[in-house]
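> What follows is a predicted protein model with its sequence.
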Amino acid sequence: MLEYQEQNCQLTLREGLECYYQSFPESKEILKDSPESGYLLRDHDCTHVIFGLDISIDQEAILDTWVLWGSSFKWKYLMSYAKLPQIKDLQKRLFNEFGIKGFLSLYWNTIGIKRKVFFRTRKMKKKWPFQMPKEYLDIKISDLREMHGINILSAEELNYKPTQWSGSISK
């Protein structure tokens, strides 16, 4: 378990983001923002940290539910993430490997957890701003979670059979 995956994590969001990046194996590229993308990739990565999820494909699927129901966003900004060249390339590679059946299996595999997430988002005090204020980076993760009423999933609740694919991360 990574430090930011503890509900009462005392790291700042900036430190949690660094912890998230350090969890990437050397074989995995960390996608970085460019002048064209602004802070889009950072904002996405911060959702992994604030909602306590790792870089696995399964937890990426779980994150979709947190973002869709527990975040405030402008559709144009959120959809521009999928238009980034590095994300388009990743999606193409994933689709070639998984196909439609594989993606349906991935979402089916996590449907019970996604349901828990949906109900947790209904209990939040306020939605997480996907386009995150820069000041948030220097606030403790525990304080941000308290401010927004975010109750992350415990390791026991994140109980699923990991999807095996060429980009799988061995723990």
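Noted; the coordinates are in hand. Numbering: from 1, shown residues only.
> Which residue lies nearest the spatial centre of this protein?
Nearest to the geometric centre of the chain sits residue 48, at 3.0 Å (C-alpha atoms, centre = their mean).
> Longest helix in this structure, please.
Longest helix of the chain, by residue count under DSSP state H: helix 85-109.
> thinking again about what came up before, not counting its neighbours along the chain, what's nearest the residue nearest to the centre of the chain?
Closest residue to residue 48 in three dimensions, ignoring its sequence neighbours and counting by C-beta to C-beta, 6 or more residues apart in numbering: residue 20, at 5.7 Å. For glycine as for every other residue, the C-beta is placed from the backbone atoms N, C-alpha and C.
> Now do the same contact list for the one you found.
With contacts defined as C-beta atoms under 8 Å, 6 or more residues apart in numbering, residue 20 is in contact with 2, 4, 45, 48, 49, 54, 55.
> contacting residues around the least confident helix or strand in the chain by mean pLDDT?
Least confident helix or strand of the chain, by mean pLDDT, DSSP states H and E, is helix 85-109 with a mean of 88. Counting contacts by C-beta under 8 Å, 6+ apart, the residues outside helix 85-109 that touch it are 31, 57-58, 61, 81-82, 114, 160-161, 163, 165-167.
> can you check stretch 52-66 too?
2, 4-7, 20, 23-24, 28, 47-48, 51, 94, 106-107, 109-110, 113-114, 117-118, 121, 128, 152-153, 158, 160, 162-163, 165, 167-169.
> can you rerun that using 6 Å?
Residues outside stretch 52-66 that contact it (C-beta atoms under 6 Å, 6 or more residues apart in numbering): 5, 51, 106-107, 110, 113-114, 117-118, 152, 160, 162-163, 169.
> can you put those in a markdown table and add neighbour count, secondary structure and distance to residue 40?
Supplementary listing: the contacts of stretch 52-66 in a markdown table, determined by neighbours: other C-beta atoms under 10 Å; DSSP: H, G, I helix; E, B strand; the rest coil; distance: C-beta to C-beta, whole Å:
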| residue | neighbour count | secondary structure | distance to residue 40 |
| --- | --- | --- | --- |
| 5 | 23 | helix | 23 |
| 51 | 25 | coil | 17 |
| 106 | 19 | helix | 23 |
| 107 | 15 | helix | 23 |
| 110 | 23 | coil | 24 |
| 113 | 19 | helix | 25 |
| 114 | 19 | helix | 23 |
| 117 | 24 | helix | 22 |
| 118 | 14 | helix | 24 |
| 152 | 20 | coil | 23 |
| 160 | 17 | coil | 28 |
| 162 | 14 | coil | 27 |
| 163 | 19 | coil | 25 |
| 169 | 15 | coil | 23 |
